[in-house]
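**Q** model this:
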Amino acid sequence: MTRGILKIIFTGEDLARVRIASRVDELWEMAMSLCRLQERGGGPAMTGWRRQVRDDLAEAGLLKAVRETLVPLVPVKAYFPDFLTPPEGQAGLQHGIDALADTPPSRVRREVDQLRPHVAVPATLDDLARGNNRSIRALAGLTRQYCQIAFAPHRTTMEDTLGRERARLARLLTDHGVDAMLAGLGPSMRWRPPVLEACYAAGRYELHLRGRGLTLIPSSFCRDAPVALADYGLPPVLIFPKLRPPADAHLDPDALPDLLGTTRVRILRCIAATTGCTTSELARRTGTSLSTASAHAQVLHRSGLITSTRHTNMVIHQITRLGTGLIRHQTRPEPSLRGAADTHWERALPAWG
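**A** Residues are numbered from 1 along each chain as shown. Next up, the predicted model:
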């Protein structure tokens, strides 16, 4: 397929309405990860994730259903139906699943028909293509199960990586303005006011925001080129690659966990990766309870490693210079993970289809 170009045209009003996703959108990650399952490469971490998720899906008895239902709906570097990634997914997985299950049959029929020029829609999707309500609800259920299996071991890391990317963009915005933030989205994008340009796998596409703003969604599984919704009328979003895939991140082999404890280190690093983090966000991103996150944050605050400031009914935690210095002093360079065995495994990996 010839590589195309995406152009997003801003107005002055749109520049004031750019926002960065505050949590992982698992339905977008579902769509992006299905593309990764159909490919090879991406480094040893992605190769290991592919192998693990296939094994886990097979063990759960879902491998055939995913192959026959989800994979055909999300072809690599081509159009896929917008109803798979409803905006409600930005509020959490369950909200997105509920919206997917409630998709009007007429919309499902229309968007599956739009898929046909790009790929052969298999007979296993006939009921869905006709807008059968039972099939739509079954698709939503399968999507939930896929997300639970594919992302369960990585949710904390995905949230942590999102926090780092969000903090990076927020610093660009606060220190240098919205132009610098848009210019810093990544090497695959170029900001030429008032147009954001990017390589685009699905051909040439122009998106005029017309005052609606744009939601930026950093993704763990998006690779190379960003992705946008096909329907101009939907709330505009831009999905683009994060700096690292989810399985690349891990606790550094240092003495900090011995000093503070593993959970407290995770909470400290989570705060360091943001410009300001609430206790609820800490709990979600580190996979702990609200009371546990609060207790550890109080200890870190009393130790001078973070500040904790109350705003109405929220407490905002921020890293101090002492906390930043402690983390930087203990962090070691990440060693290379690639070796002959990894390369051999990628060559030997059976094709997804």
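**Q** Any regions of this protein where pLDDT drops low?
**A** Counting by pLDDT under 70, the chain shows low-confidence ranges at 1-3, 202, 243-255, 328-353.
**Q** Go ahead and flag the most central residue of it.
**A** Closest residue to the average C-alpha location of the chain: residue 219 at 3.0 Å, with CA atoms, centre = their mean.
**Q** Give me the next element, helix or strand, following the biggest helix by length in the chain.
**A** Counting residues, the longest helix found in the chain (DSSP state H) is helix 155-176. Counting by DSSP states H and E, the next helix or strand C-terminal to helix 155-176 is helix 178-183.
**Q** The helix or strand just after that next one - contacts with which helices or strands?
**A** Later in the chain than helix 178-183, the nearest helix or strand by DSSP H and E is strand 189-192. Counting contacts by 3 or more CB pairs under 8 Å, 6 or more residues apart in numbering; DSSP states H and E, strand 189-192 is packed against helix 178-183, strand 195-200. For the C-beta atoms, the positions are set from N, CA and C on the backbone; glycine is no exception.
**Q** export those to CSV and tack on distance to residue 273 and mean neighbour count?
**A** As requested, these are exported to CSV (distance: least, CB to CB, whole Å; neighbours: other CB atoms under 10 Å):
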stretch, distance to residue 273, mean neighbour count
helix 178-183, 17, 18
strand 195-200, 25, 18
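**Q** I'd like to know which of those lies nearest to residue 119.
**A** Of all the helices and strands packed on strand 189-192, strand 195-200 sits nearest to residue 119, with 17.9 Å by CB to CB.
**Q** Which strands and helices lie in contact with the helix or strand just after that closest one?
**A** For strand 195-200, the following helix or strand on the C-terminal side (DSSP H and E) is strand 205-208. Strand 205-208 is packed against strand 4-9, with contacts defined by 3+ CB pairs under 8 Å, 6+ apart.
**Q** Paired strands for the strand it packs on, with orientation please.
**A** Sheet pairing for strand 4-9, assigned by DSSP bridges, gives strand 195-200 (antiparallel), strand 205-208 (parallel).
**Q** My guess is residue 196 contacts residue 189. True?
**A** Yes - using CB atoms under 8 Å, residue 196 is in contact with residue 189, at 6.2 Å.
**Q** so what's in contact with these two at the same time?
**A** residue 182 (CB atoms under 8 Å, 6 or more residues apart in numbering).
**Q** With only the CA atoms kept, save stretch 154-173 in PDB.
**A** What follows is stretch 154-173, C-alpha atoms only, in PDB (Å, rounded to 0.1, in the frame of the first residue of the first chain):
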ATOM      1  CA  HIS A 154       0.800  -4.800  31.600                       C
ATOM      2  CA  ARG A 155      -1.900  -2.400  32.800                       C
ATOM      3  CA  THR A 156       0.300  -0.800  35.500                       C
ATOM      4  CA  THR A 157       3.200  -0.300  33.100                       C
ATOM      5  CA  MET A 158       0.900   1.000  30.400                       C
ATOM      6  CA  GLU A 159      -0.600   3.600  32.800                       C
ATOM      7  CA  ASP A 160       2.900   4.500  34.000                       C
ATOM      8  CA  THR A 161       4.200   5.000  30.500                       C
ATOM      9  CA  LEU A 162       1.100   7.100  29.600                       C
ATOM     10  CA  GLY A 163       1.800   9.200  32.700                       C
ATOM     11  CA  ARG A 164       5.400   9.800  31.500                       C
ATOM     12  CA  GLU A 165       4.300  10.800  28.000                       C
ATOM     13  CA  ARG A 166       1.500  13.000  29.400                       C
ATOM     14  CA  ALA A 167       4.000  14.700  31.700                       C
ATOM     15  CA  ARG A 168       6.500  15.200  28.800                       C
ATOM     16  CA  LEU A 169       3.800  16.900  26.600                       C
ATOM     17  CA  ALA A 170       2.500  18.900  29.600                       C
ATOM     18  CA  ARG A 171       6.000  20.300  30.300                       C
ATOM     19  CA  LEU A 172       6.400  21.300  26.600                       C
ATOM     20  CA  LEU A 173       3.000  23.000  26.800                       C
END
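**Q** got the buried residues for it?
**A** For stretch 154-173, a neighbour-count test (16 or more other CB atoms under 10 Å) marks 154-169, 172-173 as buried.
**Q** End to end on stretch 10-30, go ahead and measure it.
**A** With CA to CA, to the nearest Å as the measure, the ends of stretch 10-30 fall 28 Å from one another.
**Q** how does the chain divide into domains?
**A** Annotated domains of the chain cover 4-22+157-245, 26-153, 251-330 [automatic domain parsing].
**Q** leaving aside the residues next to it on the chain, what's closest to residue 289?
**A** Once flanking residues are discounted, residue 289 sits nearest to residue 283: 6.2 Å by CB to CB, 6 or more residues apart in numbering.
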